[in-house]
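*Asks:* Build the 3D model from these lines:
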Amino acid sequence: MDAANLEITFEQLPYQLTQQGFPNYSGPMESELNSLEEKINQFVRLCQQLRSENIQLRQQLASAASENKHLSEKINAAAGRLEALLTQLPGNEE
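*Replies:* Next up, the predicted model:
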């Protein structure tokens, strides 16, 4: 069967199950759908929780990076002052 015949076949044959009067879904399917809905709701809550946690962690990381930069600057300044003091000690002639 080529693609043209396949397309015509689908157009000519309507959904036969719904035409025979079968219900759209059954009781067990309702239970499965409810279970799936609850799992999806749990997944959505987990995603929201993880997004919130991710935002907090990004803020903590930015704060830690800022503090790290500040402390590095202080260390560099102290090292500069220490070098200046060492050059002033008697007997240190370079």
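*Asks:* what about the helix or strand containing Leu57, distance to the chain center?
*Replies:* Under the criterion of DSSP states H and E, Leu57 resides in helix 27-88. Helix 27-88 sits 12 Å away from the centroid of its parent chain (C-alpha atoms, centre = their mean, to the nearest Å).
*Asks:* mean confidence score for that helix?
*Replies:* Averaged over helix 27-88, pLDDT sits at 96.
*Asks:* Which other helices and strands does it contact?
*Replies:* Helix 27-88 is packed against no helix or strand, with contacts defined by 3 or more C-beta pairs under 8 Å, 6 or more residues apart in numbering; DSSP states H and E. Every C-beta, even on glycine, is put in place using the N, C-alpha and C of the backbone.
*Asks:* how close does Gln60 get to Ser35?
*Replies:* Taking C-beta to C-beta, to the nearest Å as the measure, Gln60 and Ser35 are separated by 37 Å.
*Asks:* Next: Gln56.
*Replies:* Between Gln56 and Ser35 the distance is 32 Å, computed by C-beta to C-beta.
*Asks:* next one: Arg51
*Replies:* Separation of Arg51 from Ser35 (C-beta to C-beta): 25 Å.
*Asks:* before we move on, what about Ala77?
*Replies:* Note on Ala77: its distance to Ser35, by C-beta to C-beta, is 62 Å.
*Asks:* Leu50 too?
*Replies:* Plainly put, Leu50 is 22 Å away from Ser35 if you go by C-beta to C-beta.
*Asks:* for Gln49, same thing?
*Replies:* Distance of Gln49 to Ser35, given as C-beta to C-beta: 21 Å.
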